[in-house]
Structure formats: structure tokens, C-alpha cells
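> fold the following.
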Amino acid sequence: MIDDVRPRTPSGLPAKAAIGERVPVTAEIFRDGHDHMAGRVRWRTIGESAWFQAPLTLVNAGLDQWAGSFVPDRIGRHEFQIEAWTDRFATWRHHAEVKAAANDPELEVVLEEGAQLLDRLTPKAPKEARPTLATAANGLRDQSRTLDERLTAGLDEHVAALLADVADPLDRTRTKSFALWVDRERGREGAWYELFPRSEGGFAGSAKRLSAIAAMGFDIVYLPPIHPIGRTFRKGPNNTVGAGPDDPGSPWAIGSEEGGHLAIHPALGTLEDFHAFVDEAKAHELEVALDYALQCSPDHPWVKDHPEWFHQRPDGSIAYAENPPKKYQDIYPINFWPEKERDREALWEACYEIFDYWIAQGVTVFRVDNPHTKPFAFWEWVINAVRADHPETIFLAEAFTRPPVMAKLAEVGFTQSYTYFAWRNERWELEEYLTELAHGPKADYMRPNFWPNTPDILSGILRGGSPAAFRLRFLLAATLCPNYGIYSGYELCENEPASDSNEEYLHSEKYQLKPRTWERPDTLVPFITAVNDVRRRHRAFAELRTITFHEADNPNVIAYSKTSAQADGIARDVVLCVVNLDPNDWQDATVTLDLDALDVDALTFEVHDELSGERYTWSDHAYVRLDPAKQPGHVFEVRAR
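Presented below is the predicted three-dimensional model:
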């Protein structure tokens, strides 16, 4: 019996992994009786004939839980299976040891049973192992030796190891294939920076910011919609109705007489200017991410050419977007299920063409706006269609909605997902949420991306918050999650909310230009740069599943560690973070450390703070005292003494 195989998704769609990531595999494997068993995982890229395999190990005998792992090295769709069989040689060895210990008179028969078992299994073993196995069988039958000597020949650990992966065909059982999608490395981990190019003087002006963004250690620069903006019902500052002649409107009100989703707003530059921006980003080892927002302004060419793609009201008007009490008169949602099948097919193809066009312009990362308001069937279809030709494409789902909906979007194909991190502030909330994301069933297919702020979200301690609040929330996002992002202005600690009840920014950049003075002595740039440098130097920060929380006797202090396995000659990496969650006051705590999680087997060990340069010798109990204004937390490299 092989049950409860992971990784998997509820509907059988592909689970997720990335190149170089160790994929944990677990299953319940059991059979009748008490015979020993063996198992392994087999995997391959779809379209390949050869299978790779790795052993599974019994990790909990009482619950029949087996575990193993494998590391994919190609992008694309994979499949894996679990294979198990009765390990008759291990069963025989145990039986023989018991008989020998009891001086059983049937031991001679038992030895012959072992020899016959070796005779049967040897031809199925690798060629290089067969001489050793034949010698063991002969040793069991050698009447010139004592019984103990003959028994030793059969119980040799080397012989058992050679047979450990030889599947006995008598009852070898194999599961169906489980699907796995493998992304490139950037799908697994990365640091995002959101930038409104119109506030920086278009593509040419924004290109001048790229060196500073790269110097801070970011991997992706994300641009909100760069398309023409409609004039009908254009919004003014702070989402007010009735824009002035010079108000730029919301970039998400896409489309005008100048074009739609395949066009560029003239104020930003030309297509050639965009190409130059992408090339400049690449020169700084940055990728450009674009916003993919399937909605239209009333002036979008689709509204005139394809009215059947929109929601028609009884009075003949088209329904605009609403999220009560918010109203977006400048945006028309798309109707993804027109009455006629040919209209639906034409619409979906047009939506696919948007991806196809911008990929041709050098973009393979997309932040998808409000995907939870579009059909799951559409996303499953279009993501698969894009990946068929461009498997390197990354899709980030911007959906802050009900947990099952967010999980389903991840299941149907989104590479990464926005999360509730912005609203998780207390230690117990963070520990509970990260435990769910890292170790719960959704960890098989939902890859989180932590954003402390977005143009829509200024929440928690950031609202009117001090630089200390911005530092600690950044530190948490960057060290808790392999993927995180910030919206520009974060490094300037912009902190004025629209109102006591509205989590948006006052004077939101969504509705007006917001030029900034970047060269200031009081920014968080040095801190952000230092944290990103630590992230890049420690592979453990690319891990989510290995996170462990450690006890602290002060609820205002959180402690957590991450590990990465040894690979390709690179040593195992262990990091430990201890963070003060109070942005206003000093906090101290005694932290009780799980030494097994830290991979420490000595009574004392060294920790090196990668931010301050401090070094300490610690044991399983350590005292910390943190000043939020100067040092919100420790980021330690753990070294065994």
C-alpha cells in the first residue's frame, strides 16, 4: 500500500519546484504482516524516456511514514512516482539473526533460504555488484566453514547495501505519476522593487534609477501598467471623481485612442525606449516585470470593437468595476464568458497575445492584477499556453482574498502569490502563518511572496510609523520568505495613510505623479543593501520548508532559523535570526534554541552577526537585547566550534 504521497495538489495539477531545489517526497508505505520493505522515488522530465531514482527511508515506523528527496535540473513539466516492494533480504537477515541468537536447530535451513534468495536477486542487481553477491551466496553454502562464519557472509552490511535498491518483482508496487512543474531559480527566490516610471520621467528617467536599485541588491524591477490611460471618468488625486486636464489618471485604467494592452503610453517613451530600459536593466543584472491587468478603460479599443467582451447592463451601459465602498468608474471589467463560444475563444486568444507580445519584447516576469476576479479555467489555460513556448515565464498572483481562492490560483499555475504578511504583526501570528506556508499541504504548490507595502497597502505599524518600524518589517519580509518585494518610497519611510480607516497612501501614486528626492542621508538604503547582501551570500534564505521557530521568553522577540543542505561541494548553510517586533522600545529575551534544527552537536557554538559583525559563543540558551532604532535584529551565521 502506498498512500498520502506528497508533493501533490488537491486536483492533481502540478506541484511546484525549482531548478536546484531539493524536493521533499513523503508517503505512507505499508503491507500486511511484519516483513521489511523498501521504497524509492522515480522522476523524469516529461518527454524523456529515462527515469532517475533516489531511495526513500522509513522515518516513522509507527505511522509507516517514508521520506526522501530529489533535485530537478531542468525547467518544465516533470512526473514522479513512488515505488515500493518487500525487502526480502532484509527480512531474511532479521530472521537469521533471531534464529542464530536462539541457537535454533533450523539455522542450516535458514542459511540455504538466504542463499536461494541471493541466487534470485543477484541477476537483478547492477553488474558490478553481482560478483560480491555470488560470493555471499557461496559463503552461506560453504560447509567447510562454521555456522557463524557462514552466517557472517550473509549478514555482511555491504551485501545488504548492494541489494537495498534492487526491487523485488514479486510484489513491486508503483503509484501513478504525480505532476510537478519545475521553475527556473528566480521563480523560487528573488527580491522585487516596484517603480512607477511616470514619476521618474518615463523610461529614460527610470533607467537612471536602475543602478541604485541594483546596488541595493534587488533582482526584479516591477512596473505598473505602462499602457495608454483612458480619459473617460479619469480619476484625480486620491481617487476623486473628475480629473483635471493635467491629472495623469490611474495606470490600471488601460486603453485610449492611442491603443490598448499592446501599446505604450506616449509620455513614457517609445517601444525603442522600453527596449533600452530592458537592456539597461539586464546590464545591471535586473529583470523587468510588467503588470498584466485584464481590464479596460471606457476608451480602450476593445470596448468599441468587441462590446460582447464586457458586461452589458439593461440600460445599454457597460458595468464598471466596484469593490464597495470603492468605485472605479474609469475601469471596465472583462466578461470572460460571453454567450457565444467563438467570442470567448477570441477573447481568450487576445489575452494570450498580450503575454506573447511582451515576452517578445524581452519580458518573462509578470505581476498579474486581481487574478481572483477572473476564471480559474482561464488562468489554467493561458499559463499552460504561455509555458508551452516560454517555460521560463514567472507569474505573480496579486490576490488578497479568501485562502482557498488564493491557494487555487497557485494550484492552477501561478508561480508566486501575494500573502497576508502585511497584516501579520504579532509573534504568534507570524509563527502560525509561516508554519502553514512552509509545512502545510499548500507548501507543495503555493510559493509566497512577502510585501510589507504596496501602492494599495500601508498597514499596521507602518501607518505613521518610524524608520525603526520600516526596518523591522523589511528585515522580517527579507529573511522569513525567499521572495519579497517593496514599493518605491519604502526606503524613504513614506508613512502617511489616506485616513484612519483607509489603508492606502495619502496622495497615492496610483493617481498622481510622485517625484522623490532619493539622495538623502536619512534613508534605509544602507540597511536594505546590507540585508540583501546577506540574503545573496547565504543559500539558506532561499529555503522556506526548513524554517524552524525557537522559543523566546518575551513575546516581542521572535527567533527563527533556516538551513540549506550540502550540495555540489558547497557546505551546509545555517542562519539564525532574532528580531525585536517592537519598533518603539528596547526588548530583551532569553532564547531557547533547538540545536538539532541548527545542526549543532556541540555544547557551545559560534554565531556571527552578518549585519553588525559581532561574534558570540552560545549554547542552547542565549540572551539578546535589541534596540529597534539601531539594530532591529540579529542575522547570524551559525558555525559549529
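> and the strands in the stretch 501-641 of the chain?
Ranges of strands within the stretch 501-641 of the chain are 548-552, 557-564, 573-580, 587-592, 605-609, 615-618, 621-626, 633-640, based on DSSP state E, counting those that start in this stretch.
> what's the closest of these to residue 170?
Smallest distance to residue 170 across the strands of the stretch 501-641 of the chain (CB to CB): 39.8 Å, for strand 557-564. Any C-beta I mention is one placed from the backbone N, CA and C, and that applies to glycine too.
> for that closest one, which strands pair with it and how are they oriented?
strand 548-552 (antiparallel), strand 573-580 (antiparallel) (DSSP bridges).
> nearest to residue 53, of these?
Nearest of the strands paired with strand 557-564 (CB to CB): strand 573-580, 26.8 Å.
> returning to that earlier point: Throw the strands paired with strand 557-564 into JSON lines and include distance to residue 624, thanks.
Formatted as JSON lines, these follow (distance: least, CB to CB, whole Å):
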{"stretch": "strand 548-552", "distance to residue 624": "8"}
{"stretch": "strand 573-580", "distance to residue 624": "5"}
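> need those strands in CSV (columns: mean pLDDT).
Below are the strands paired with strand 557-564 laid out as CSV (pLDDT from 0 to 100):
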stretch, mean pLDDT
strand 548-552, 98
strand 573-580, 97
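> okay, those strands, which one's buried deepest?
Mean neighbour count (mean count of other CB atoms under 10 Å) peaks for strand 573-580 among those, with a mean of 25.
> that strand vs strand 587-592, what angle?
140 degrees (axes from the mean of the first three to the mean of the last three CA atoms, to 10 degrees).
> JSON lines for the strands of the stretch 501-641 of the chain, including distance to residue 401?
Shown next, in JSON lines, are those (distance: least, CB to CB, whole Å):
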{"stretch": "strand 548-552", "distance to residue 401": "27"}
{"stretch": "strand 557-564", "distance to residue 401": "27"}
{"stretch": "strand 573-580", "distance to residue 401": "28"}
{"stretch": "strand 587-592", "distance to residue 401": "34"}
{"stretch": "strand 605-609", "distance to residue 401": "39"}
{"stretch": "strand 615-618", "distance to residue 401": "42"}
{"stretch": "strand 621-626", "distance to residue 401": "35"}
{"stretch": "strand 633-640", "distance to residue 401": "31"}
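> which of those strands sits most buried?
Note that of the strands of the stretch 501-641 of the chain, strand 573-580 is the most buried (mean count of other CB under 10 Å), with a mean of 25.
> what lies in contact with that strand?
Contacts with strand 573-580, where a contact means CB atoms under 8 Å, 6 or more residues apart in numbering, come from 472, 475-476, 479, 538-541, 550, 552, 556-564, 586-587, 589, 591, 593, 598-599, 607, 624, 626-628, 632-638.
> what about residue 352, which SS state?
Assigned by DSSP: H, G, I helix; E, B strand; the rest coil, the conformation of residue 352 is helix.
> need phi/psi at the most centrally placed residue in the chain.
Nearest residue to the geometric centre of the chain (CA atoms, centre = their mean): residue 447, 3.1 Å. Phi and psi for residue 447, reported as degrees, to the nearest 10, are phi -110, psi 110.
> that one: what's it in contact with?
16, 187-188, 410, 415-417, 482-483, 544.
> can you list the domains in the chain?
Domain assignment for the chain by automatic domain parsing gives 1-87+175-184, 88-163, 542-640.
> check those for me: which has the lowest mean pLDDT.
Ranked by mean pLDDT, the domains of the chain end with domain 88-163 in last place, scoring a mean of 90.
> need the distance between the two termini of that one.
10 Å (CA to CA, to the nearest Å).
> ok now it, how far from the chain's centre?
48 Å (CA atoms, centre = their mean, to the nearest Å).
> repeat that for stretch 34-42.
Offset of stretch 34-42 from its chain centre (CA atoms, centre = their mean): 30 Å.
> what residues does that stretch touch?
Here stretch 34-42 has contacts from 2, 25, 27, 29-31, 51-56, 58, 66, 68-70, 80-88, 90-91, 94, 164-165, 167, 174, using CB under 8 Å, 6+ apart.
> just the ones in helices from those residues, please.
88, 90-91, 94 (DSSP state H).
> where along the stretch 101-250 of the chain do the strands fall?
For the stretch 101-250 of the chain, applying DSSP E, counting those that start in this stretch gives strands covering 173-174, 178-183, 190-194, 220-223, 235-236, 240-241.
> many thanks, I have nothing further to ask.
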